[in-house]
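Novice: Can you look at this prediction? I've put the sequence above it.
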Amino acid sequence: MRLEVLCEDRLGLTRELLDILASNSIDLRGIEIDITGIIYLNCPDIDFETFRDLMAEIRRISGVKDVRKIQFMPSERHNTELVSLLTNLPYPVLSIDLKGAIDMANHAALKLLAKSEDEAMGQLISHLLPSFNFAKWIEGDITRQKQAIVIDGLDYTMEILPVYITGESNETVLASAVMSIHPTTHAMTTESLADSNTLGFEHFVGLSNRHKALMSQAKKLAMLDQPLLIEGETGTGKEMLAKACHNRSHRASQPFLVLSCASMPDDVAETELFGHAPGSFNHQHGHKGIFEQANGGTVLLDEIGEMSPHLQIKLLRFLQDGTFRRVGEEHEVHVDVRIMLQLVTI
């Protein structure tokens, strides 16, 4: 039961209202006071006779103009409208508490994060978006901030905004933070192009649906560790695409090495790929192959179709478990390398 009491601004009037509720053994769940001369009361439902007597008692209070039953408290209506608005926004919005945990996420945010509401509530934002350091943000200047992030291989712009509450003494206290996430448009990426020396997907320009689909697929595949085959005609930028995929992955800080397999004899190609032991080929010192040199990073093999079947079998075994033997050695070497292959199509 919610009541709206229209009244004058008189000292002690609210106290008399509360005394009437107490004398009738009615609990008070909430009270709101409007400076225009309205007091809102939230109480449990009561039987009709008690309600009739209560209304009469309230009307007898000096300064009370009228009292009536309403459906919602003002704060309930405002909160419901706000939650409905946020829930149905087309872009993701999240509310984050001061510990960095999510306490509200709209439908678009849950869909983007692939989480149910129960799974998302209480999750640390740093676990769901590792590229954003919430602890560093809240320990710093705590200002409105934008940052480029990657979710499921696609580019987004994240904006976080601090939420302050102003008390009666006009002091502001940080209450929480609101985060919104928007797909990054081409115009946004070109703003930072001049400041970036790393080859990324922003260097690929195209307007066709086929180009957009290719870039979207490449961005998703870039986040994986599985081998990647890139096919295309000569001069279409296959190596640039491979480099962009490497720079987008978690291996970006590690080496990216390229080896052309075209017209290369088997013994030379095997040595370049796997290396050789000391004493082999009249060399006193051993030689690390490209896989060892790129350990932790990415190797792009160009013109893989020109490689002999014998070497392709050895390469296939390496792709299965990441182990190989240097030429002239018996023990196996294990490395962590992502392999990308490119083929020229006609």
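Specialist: Happy to help now that I have it. Values in this document were obtained by computation on a predicted structure and should not be read as measured data. Numbers count the residues shown, from 1 in each chain.

Novice: what's the domain layout of this structure?
Specialist: As recorded under automatic domain parsing, the domains making up the chain are 2-76, 89-184, 196-344.

Novice: Quick check: residue 47 vs residue 5, distance?
Specialist: 20 Å (Cβ to Cβ, to the nearest Å). Using the backbone N, CA and C atoms, a C-beta is placed for each residue, glycine as well.

Novice: quick one: the strands in the stretch 1-150 of the chain?
Specialist: Using DSSP state E, counting those that start in this stretch, the strands of the stretch 1-150 of the chain run over residues 2-7, 30-34, 38-42, 64-70, 93-96, 102-105, 145-151.

Novice: Which parts of the fourth one count as buried, going by neighbours?
Specialist: What that stands for is strand 64-70. 64, 67 (16 or more other Cβ atoms under 10 Å).

Novice: Report all helices and strands that it contacts.
Specialist: strand 2-7, helix 48-59 (3 or more Cβ pairs under 8 Å, 6 or more residues apart in numbering; DSSP states H and E).

Novice: do the same with the first one
Specialist: Contact here means 3+ Cβ pairs under 8 Å, 6+ apart; on that basis strand 2-7 packs against strand 38-42, strand 64-70.

Novice: The nearest residue to residue 178 once chain neighbours are set aside in helix, strand or coil?
Specialist: Leaving aside its sequence neighbours, residue 178 sits nearest to residue 161 (Cβ to Cβ, 6 or more residues apart in numbering; 5.0 Å). Under DSSP: H, G, I helix; E, B strand; the rest coil, residue 161 falls in the strand class.

Novice: burial of residue 161, as a residue count?
Specialist: A count of nearby residues for residue 161, using other Cβ atoms under 10 Å, gives 12.

Novice: check contacts around residue 266.
Specialist: By Cβ atoms under 8 Å, 6 or more residues apart in numbering, the contact set of residue 266 is 308, 310, 311.

Novice: I'd say the last one and residue 270 touch.
Specialist: Yes. When contacts are counted by Cβ atoms under 8 Å, residue 311 is listed as touching residue 270 (6.2 Å).

Novice: Comparing these two, which residue is more hemmed in?
Specialist: residue 270 (22 against 18).

Novice: Restricting to C-alpha, output stretch 261-274 in CSV.
Specialist: Extracted C-alpha coordinates of stretch 261-274, given in CSV (Å, rounded to 0.1, in the frame of the first residue of the first chain):
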residue,chain,number,x,y,z
CYS,A,261,59.4,-22.2,-49.7
ALA,A,262,59.5,-21.5,-53.4
SER,A,263,62.3,-23.1,-55.4
MET,A,264,64.2,-24.2,-52.3
PRO,A,265,66.0,-27.5,-52.3
ASP,A,266,64.9,-30.0,-49.7
ASP,A,267,68.1,-30.0,-47.6
VAL,A,268,68.1,-26.2,-47.5
ALA,A,269,64.4,-26.0,-46.6
GLU,A,270,64.7,-28.6,-43.9
THR,A,271,67.7,-26.7,-42.3
GLU,A,272,65.8,-23.4,-42.5
LEU,A,273,62.8,-24.9,-40.9
PHE,A,274,64.2,-27.2,-38.2
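
Novice: next one: that stretch to chain centre, how far?
Specialist: Stretch 261-274 has its C-alpha centroid displaced from the chain centroid by 43 Å (Cα atoms, centre = their mean, to the nearest Å).

Novice: Stretch 45-52 too?
Specialist: 52 Å.

Novice: What residue, apart from its backbone neighbours, is nearest residue 135 spatially?
Specialist: Among residues not flanking residue 135 along the chain, residue 100 sits closest, at 6.6 Å (Cβ to Cβ, 6+ apart).

Novice: which residues does that neighbour contact?
Specialist: Residues in contact with residue 100 (Cβ under 8 Å, 6+ apart) are 124, 125, 126, 134, 135, 138.

Novice: need the contact list for residue 287.
Specialist: 271, 275, 276.

Novice: Which members of those residues occur in strands, if any?
Specialist: Mapping the contacts of residue 287 onto strands (DSSP state E) picks out 275, 276.

Novice: Pipe the domains of the chain into JSON lines and attach distance to residue 82 and mean pLDDT per row.
Specialist: What follows is the domains of the chain, written out as JSON lines (distance: least, Cβ to Cβ, whole Å; pLDDT from 0 to 100):
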{"stretch": "domain 2-76", "distance to residue 82": "10", "mean pLDDT": "91"}
{"stretch": "domain 89-184", "distance to residue 82": "10", "mean pLDDT": "87"}
{"stretch": "domain 196-344", "distance to residue 82": "34", "mean pLDDT": "85"}
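
Novice: ok, and what's touching stretch 333-340?
Specialist: Contacts for stretch 333-340 (Cβ under 8 Å, 6+ apart): 225-230, 242, 245-246, 249, 251, 291-292, 294-301, 319, 321-326.

Novice: how much space is there between the residue of the chain most remote from its centre and residue 2?
Specialist: Note on the chain: the largest C-alpha distance from the chain mean falls to residue 60, namely 58.4 Å (Cα atoms, centre = their mean). Counting by Cβ to Cβ, the gap from residue 60 to residue 2 is 21 Å.

Novice: again, but for residue 201
Specialist: 55 Å.

Novice: same check, this time on residue 170
Specialist: Separation of residue 170 from residue 2 (Cβ to Cβ): 31 Å.

Novice: between these two, who's got more neighbours?
Specialist: residue 2 (18 against 6).
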